[in-house]
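>>> got a sequence here, can you model it:
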Amino acid sequence: MESTHTHDRELDARGLNCPLPILRTKKALNEMRMGTVLKVLATDPASLKDFQAFSRQTGNTLLGHSEADGVFQFFLQRK
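Residues are numbered from 1 along each chain as shown. Next up is the predicted model:
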């Protein structure tokens with residue numbers, strides 16, 4: 001997936017384990033306007049499955065993700 005999305009806000013969830021990255025993402029998205037994009041950085045190995053499930057369950061669009069050196073990047077668009 002392409003990971004060079006522009007974003008309106010960034011959330012650093014590195015070093016946090018499930019469910020904290022998802023909980024903080026949910027809180028951040030709730031504070032954002034519809035259509036804006038949140039970039040999330042995470043190091044939890046389970047975060048890819050977590051963010052895919054979160055996107056399906058909440059309707060927020062997972063625009064893209066990538067992983068480099070143990071750091072995952074996710075781009076979510078607020079529904």
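
>>> strand partners of the helix or strand encompassing L11, parallel vs antiparallel please.
Using DSSP states H and E, L11 sits within strand 9-13. Looking at strand 9-13 with DSSP bridges, its partner strands are strand 37-42 (parallel).

>>> buried residues in the partner strand?
For strand 37-42, the buried set under the neighbour-count rule, 16 or more other CB atoms under 10 Å, comprises V37, L38, K39, V40, L41, A42. The way it works is simple: take the backbone N, C-alpha and C, and place the C-beta from them, glycine included.

>>> next, the residue of the chain most remote from its centre: phi, psi?
Relative to the average C-alpha location in the chain, and by CA atoms, centre = their mean, no residue lies farther out than D69, which sits at 17.2 Å. In this entry, D69 is assigned phi and psi values of phi 50, psi 40 (degrees, to the nearest 10).

>>> before we move on, what about the one 3 residues further on?
Geometry field for F72 lists phi and psi as phi -90, psi 140, criterion degrees, to the nearest 10.

>>> who does it bridge with?
When bridges are taken as DSSP bridges, the partners of F72 come out as A42, E67.

>>> and for it, the neighbour number?
By other CB atoms under 10 Å, 22 other residues sit near F72.

>>> and for R56?
Taking other CB under 10 Å as the criterion, the count of residues near R56 is 10.

>>> now do the same contact list for the nearest residue to H5 once chain neighbours are set aside.
Closest residue in space to H5, ignoring its immediate chain neighbours: F75 at 4.2 Å, by CB to CB, 6 or more residues apart in numbering. With contact set as CB atoms under 8 Å, 6 or more residues apart in numbering, F75 has these partners: S3, H5, H7, V37, L38, K39, V40, L62, L63, G64, H65.

>>> just the CA coordinates of whatever helix or strand F75 lives in, formatted as CSV?
Mapping F75 onto the secondary structure by DSSP H and E places it in strand 71-77. Once side chains and other backbone atoms are set aside, the C-alpha atoms of strand 71-77 remain, and they are given as CSV (Å, rounded to 0.1, in the frame of the first residue of the first chain):
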residue,chain,number,x,y,z
VAL,A,71,7.7,1.1,13.1
PHE,A,72,4.2,0.9,11.4
GLN,A,73,2.6,3.9,9.8
PHE,A,74,-1.1,4.1,9.3
PHE,A,75,-3.2,6.7,7.5
LEU,A,76,-6.8,6.9,8.6
GLN,A,77,-9.4,9.2,7.1
